[in-house]
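Trainee: I would like to see how this sequence folds:
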Amino acid sequence: MNAPQLIRGFEVVIGIETHAQLSTASKIFSGASTAFGAAPNTQASAIDLALPGTLPVLNRGAVERAIRFGLAVGARVAPLSIFARKNYFYPDLPKGYQISQYELPVVQGGQVEFRVGDAPARVRLTRAHLEEDAGKSLHEDYAGATGIDLNRAGTPLLEIVTEPDMRSSAEAVAYARALHALVVWLGVCDGNMQEGSFRCDANVSVRRPGAALGTRREIKNLNSFRFLQQAIDFEVQWQIDRIEDGLPIEQATVLFDPATGETRAMRSKEDAHDYRYFPDPDLPPLVIEPAWIERVRAAMPELPAAMAARLQRDDGLAPADAALMTQSLAFARYYEALRDACGQPKLAANWLMGEVSRRLNAEGREIGAAPVAAAALGALLRRVADGTVSNHGARQVLDALWDGAAEGADALIERLGLKQMSDAGALEAIVDAVIAAQPKSVQEYRAGKDKAFNALVGQVMKASQGKANPAQAGELLRRKLG
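Mentor: From the prediction side, this is the model:
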């Protein structure tokens, strides 16, 4: 459990349930496709439609993805788990029940470690269980009616449930981001939140410090980290206002409206007994032999924490820098390709955290959509490392590459006239001229003022039109000034 953060004298308590769509090509109990964007009801098989006489057959790939996730979070992979029927009526649920897991889930326990700002944090997992998704009700395109699209019915989900360990919306978002990065890293989920592949439900309650847990309200189907934070923040203030007004909090399922930034109650919240769970008679118990778990373990990718430790040990990166390089699988791959291309791990990390990330953030891009390939940037950083171009000049070259310049780094350095001065005699002449023209700065430097020295270096860079090597200019200045 992480440190409490009081809001108006109340402690916030948050647990999160995440539905991660598993990256299988077919559904969890049928051979129908899981591809996104098909015309309504074109990817719903007889099994998905619950036609009489059909029987579900478990997708082995879905189970292996659940095992992979369980191993990654240090959970217990249950040797025997049970599928159950979760009974409720909704128009987009063809069978009148959802096949899920209840008493014996496939993944039990585990934890996710992450950072909230500079502080380490940890959230315990209660469970992760396999289940099928329901269909989708379509309200927008039908005046006075609702359409039903059953393409999603039977899509494989891993529902990941936390303990109520989070104490702020910032912590909840940091956890959700870490979980998202992990499932994508593992290849168990594509993480596409716009397509509904990764959806969070936030259980939120408030209490006075030391009091029993308050009544929770569940905010459903949050498909962006920004909405997750906004929804929790509004819900917390709403619950505190209600308690301070002497009104009760009623357990409920609520929806978040991004247009208003508000939550609103959808229905009273059901408890487990309301769903009348019982073992599905059409599905035998899921038995996972130790040898199966070991085969999955052997095929696991290097996990983010292990990779970060390796980058600290082998590349000499600071812990915070290594954590940033492993923030996602795509970022880690770009870093390693860039490091290999330029041969300078720290330089590669610095440019990724600085110039590249600044441009990505300004344009709302992810690293996978960076317009400059790691090999092209690596060629530029080689010229920074060998002194051919200054950092200032290299930024201009990166601007040109980012905007789609066809030339490579060397050609751009030449065309833009950014090659640093390598003629020692020419640089010495510029330094002599600056010393002669700046007697006041020279006097201040000799009097012990470091800022005056920086001003002199700046004058050398100006006189050389940015082509002087700052380190060489500084060394020459110090030698001449004594």
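Trainee: any residues touching the longest helix anywhere in the chain, and which ones?
Mentor: Longest helix in the chain by number of residues (criterion: DSSP state H): helix 225-244. With C-beta atoms under 8 Å, 6 or more residues apart in numbering as the test, helix 225-244 has contacts from 7-8, 10, 12, 14, 169-170, 172-173, 176-177, 200, 202, 204-206, 214, 217, 219, 222, 248-249, 254, 256, 258, 261-263. Quick note: C-beta positions are derived from backbone N, CA and C, even for glycine.
Trainee: Outline the domain layout of the protein.
Mentor: Per automatic domain parsing, the structural domains of the chain span 6-294, 302-415, 424-481.
Trainee: I'd like those domains laid out as TSV, including mean neighbour count and mean pLDDT.
Mentor: Below are these laid out as TSV (neighbours: other C-beta atoms under 10 Å; pLDDT from 0 to 100):
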stretch	mean neighbour count	mean pLDDT
domain 6-294	18	95
domain 302-415	17	95
domain 424-481	16	86
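Trainee: Which ones among the contacts of helix 225-244 lie within strands?
Mentor: Among the contacts of helix 225-244, the ones falling in strands (DSSP state E) are 7, 10, 12, 14, 200, 202, 204-206, 217, 219, 222, 254, 256, 262-263.
Trainee: out of those, who's nearest residue 75?
Mentor: residue 200 (19.1 Å; C-beta to C-beta).
Trainee: so residue 92 sits right up against residue 153, yeah?
Mentor: Yes: using C-beta atoms under 8 Å, residue 92 is in contact with residue 153, at 7.2 Å.
Trainee: which neighbours do the two share?
Mentor: What both residue 92 and residue 153 touch, as defined by C-beta under 8 Å, 6+ apart, is the set 134-135.
Trainee: Quick check: closest non-adjacent residue to residue 404.
Mentor: Counting by C-beta to C-beta, 6 or more residues apart in numbering, residue 404 lies nearest to residue 371, which is 6.7 Å off, once chain neighbours are set aside.
Trainee: quick one: contacts for the one you found?
Mentor: 401-402, 404.
Trainee: you'd agree it is in a strand?
Mentor: No: using DSSP: H, G, I helix; E, B strand; the rest coil, the secondary structure at residue 371 is coil, not a strand.
Trainee: now the longest strand anywhere in the chain, how far from the centre of its chain.
Mentor: The longest strand of the chain (DSSP E) is strand 119-132. Centroid separation for strand 119-132 versus its chain: 15 Å, with C-alpha atoms, centre = their mean, to the nearest Å.
Trainee: For that strand, which strands pair with it and how are they oriented?
Mentor: strand 107-108 (antiparallel), strand 111-116 (antiparallel), strand 156-162 (antiparallel) (DSSP bridges).
Trainee: Tell me the helix or strand right after it.
Mentor: strand 136-138 (DSSP states H and E).
Trainee: Can you tell me the strand partners of the helix or strand that that following strand is followed by and which way each runs?
Mentor: Scanning forward in sequence from strand 136-138 by DSSP H and E, the next helix or strand is strand 147-149. Applying DSSP bridges to the sheet, strand 147-149 is found paired with strand 136-138 (antiparallel).
Trainee: chain center to the partner strand, what's the gap?
Mentor: 28 Å.
Trainee: Next: stretch 421-431.
Mentor: Per C-alpha atoms, centre = their mean, the centroid offset for stretch 421-431 relative to its chain is 49 Å.
Trainee: which residues touch it?
Mentor: So stretch 421-431 is in contact with 387, 460, 463-464, 467-469, 472-473, 476-477, 480, going by C-beta under 8 Å, 6+ apart.
Trainee: Just those: which are in helices?
Mentor: Short answer: these in helices (DSSP H) are 460, 463, 472-473, 476-477, 480.
Trainee: quick revisit: closest to residue 37 out of the strands paired with strand 119-132?
Mentor: That would be strand 156-162 among the strands paired with strand 119-132, by C-beta to C-beta, at 17.7 Å.
Trainee: List the contacts of that closest one.
Mentor: Contacts of strand 156-162 (C-beta under 8 Å, 6+ apart): 15-22, 24, 27-28, 34, 59, 62, 65-66, 69, 100, 107, 112, 123-133, 175, 179, 183, 188-189.
Trainee: now do stretch 344-359
Mentor: 311, 315-317, 321, 324-325, 331, 334-335, 338-339, 342, 365, 367, 370, 372, 377-378, 381-382, 384-385, 395, 398, 402.
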